[in-house]
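K.L.:
Using only what follows, build the 3D model:
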Amino acid sequence: MSIDLQKPVAILPGSGRILEFLGVTHKLTSDQTGGAFYVCEAVFGPESGSPLHIHHYEDEVIHVLEGAIDIQLDNEKLHAPVGGIVHLPKKIPHALQNPLKTPLRIMVHAIPGGLEHYFNDVDAALQNGAFNVEIHTEISKKYGLEWLE
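P.N.:
Here you go, the predicted model:
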């Protein structure tokens, strides 16, 4: 019986696969981590965000690199300024919001890995002009994402 050990990998600043339509850069994919986790850098424009949704498959850890983030939960709002870290367990409805008039840059860790496939499929649909509500719903279901707004 042989054990397949993961190889160390270093991702340099400014590197990774950039999905321009989404403002997401893959840093470490599940292929590179043996499925253990996925890491991406995401940028939100001023006063923009992501609507209320649930991740059914993965926990998220969000580290604020620039700006600040507000995370709306049921009746609670979490706020994290630059340097702050937020843990969002799976199956918890949440919305992400950049409350500032400057860009927000975050590093997102999804545990276990696989969320990058959602971003890849959405990016591909956007690039080939096939993106619409039905396609997004289909892609979201495939990867355990449920949009509540």
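K.L.:
Next up, the contacts around the residue minimising distance to the centre of the chain.
P.N.:
Centroid-nearest residue in the chain: V108, 5.4 Å away (criterion: Cα atoms, centre = their mean). Contacts here follow Cβ atoms under 8 Å, 6 or more residues apart in numbering; on that basis V108 touches 39-42, 60-63. (Glycine included, C-beta is placed from N, CA and C.)
K.L.:
Next: L19.
P.N.:
L19 neighbours (Cβ under 8 Å, 6+ apart): 25-26, 119-120, 123.
K.L.:
May I ask which two of the residues you listed are separated the most?
P.N.:
Pairwise distances across the contacts of L19 (Cβ to Cβ) peak at 12.4 Å, for the pair T25 and N120.
K.L.:
between the contacts of L19, which is nearest L145?
P.N.:
Nearest to L145 among the contacts of L19, with distances taken as Cβ to Cβ, is F119, at 10.5 Å.
K.L.:
Can you verify my assumption that the closest one contacts H26?
P.N.:
Yes: counting by Cβ atoms under 8 Å, F119 sits close enough to H26 to count as a contact (7.5 Å).
K.L.:
joint contacts of those two?
P.N.:
By Cβ under 8 Å, 6+ apart, the residues touching both F119 and H26 are 19, 40.
K.L.:
returning to what we had before: so which strand or helix has the residue nearest to the centre of the chain?
P.N.:
Per DSSP states H and E, V108 falls inside strand 104-111.
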